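In: Below: sequence and its predicted model.
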Amino acid sequence: QVQLVESGGGLVQPGGSLRLSCVASGFAFRDYDMRWYRQAPGKERESVAFISNTGGTTDYADSVKGRFTISRDNAKNTVYLQMNSLKPGDTAVYYCRVTIESRRYWGQGTQVTVSS
């Protein structure tokens, strides 16, 4: 079955960095685009970053452009989110997502807290 397992979250001071990882299994990872989302308390889940199956195309929410970088390693079935210059407004649970045959699969999420 499809599984997505995120890791790498934690508590970081404003201006700091974190790298999130999402390890995928149960499907042909190299054939699918991947996305990172986040959900802050009391807010709707929002798309943060997109990467195509080959890694050749990426896209970002305006709020994270220039600070976050999405990448993937198809040999390791893993998608990453490098987050730099973190702000308190980046505090959220971060999820990776894949859509397979119109069905959306989510990981369990990893908490990122940006606070001094």
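Out: Done, it's in.

In: Tell me, how many residues neighbour the nearest residue to residue 104 once chain neighbours are set aside?
Out: Distance criterion C-beta to C-beta, 6 or more residues apart in numbering; nearest residue to residue 104, sequence neighbours excluded, is residue 97 at 6.0 Å. From N, CA and C alone the C-beta is placed, and that goes for glycine too. Counted with other C-beta atoms under 10 Å, residues neighbouring residue 97 total 19.

In: tell me the secondary structure for residue 97?
Out: Assigned with DSSP: H, G, I helix; E, B strand; the rest coil, residue 97 falls in the strand class.

In: for it, what are its contacts?
Out: Neighbouring residues of residue 97 by C-beta atoms under 8 Å, 6 or more residues apart in numbering: 4, 34, 35, 36, 37, 104, 105, 106, 107.

In: So it versus residue 16, what's the distance?
Out: Using C-beta to C-beta, to the nearest Å, one gets 25 Å for the distance from residue 97 to residue 16.

In: And the residue lying closest to residue 114 once chain neighbours are set aside, which helix or strand is it part of?
Out: The spatially closest residue to residue 114, leaving aside those adjacent along the chain, is residue 86, at 4.6 Å (C-beta to C-beta, 6+ apart). Using DSSP states H and E, residue 86 sits within no helix or strand.
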